[in-house]
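Enquirer: task: produce atomic coordinates for the following.
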Amino acid sequence: MRPQGTQYRYDILRTLLRQYRRKAKFSQAELARRLSRPQSFVSKYESGERRLDLIEIAQICDALGQSLADFVAAFEEASE
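Expert: Numbers count the residues shown, from 1 in each chain. Alright, predicted model coming up:
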């Protein structure tokens, strides 16, 4: 049985966000530019230094050309 704590699930979220960015072949700087944010914004949430809210996750998915629904489905699958 996998651990289901908040930190464990947040680690999955961060990993998926990084994987989606890399799949889109974006550097952190390119994604940040598309989000009109500094590169450190992407670096901080990927490293776990900063948490994201749902609106920010939706904006990231949009910038990566992914639907939020598909991202959430992938998150749920990875969390099982």
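Enquirer: centre of the chain to the helix or strand containing Tyr8, how far?
Expert: Taking DSSP states H and E as the definition, Tyr8 sits inside helix 6-23. Relative to its parent chain, helix 6-23 has a centroid offset of 5 Å by C-alpha atoms, centre = their mean, to the nearest Å.
Enquirer: in it, what counts as buried?
Expert: Of the residues in helix 6-23, Arg9, Ile12, Leu13, Arg14, Leu16, Leu17, Tyr20, Arg21 count as buried by neighbour count, 16 or more other C-beta atoms under 10 Å. C-beta: built from backbone N, CA, C; applies to glycine.
Enquirer: for that helix, output the C-alpha coordinates as CSV.
Expert: Output in CSV follows, covering the C-alpha atoms of helix 6-23 (Å, rounded to 0.1, in the frame of the first residue of the first chain):
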residue,chain,number,x,y,z
THR,A,6,-0.4,15.3,1.8
GLN,A,7,3.4,15.5,1.2
TYR,A,8,3.4,12.3,-0.8
ARG,A,9,0.6,13.5,-3.0
TYR,A,10,2.2,16.9,-3.4
ASP,A,11,5.4,15.2,-4.5
ILE,A,12,3.4,13.4,-7.2
LEU,A,13,1.9,16.7,-8.3
ARG,A,14,5.4,18.3,-8.6
THR,A,15,6.7,15.3,-10.5
LEU,A,16,3.8,15.4,-13.0
LEU,A,17,4.2,19.1,-13.6
ARG,A,18,7.9,18.7,-14.3
GLN,A,19,7.1,15.7,-16.6
TYR,A,20,4.5,17.7,-18.5
ARG,A,21,6.9,20.6,-18.9
ARG,A,22,9.7,18.3,-20.2
LYS,A,23,7.2,16.5,-22.5
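Enquirer: from the contact counts, what lies against that helix?
Expert: Packing partners of helix 6-23 (3 or more C-beta pairs under 8 Å, 6 or more residues apart in numbering; DSSP states H and E): helix 39-47, helix 54-63, helix 68-79.
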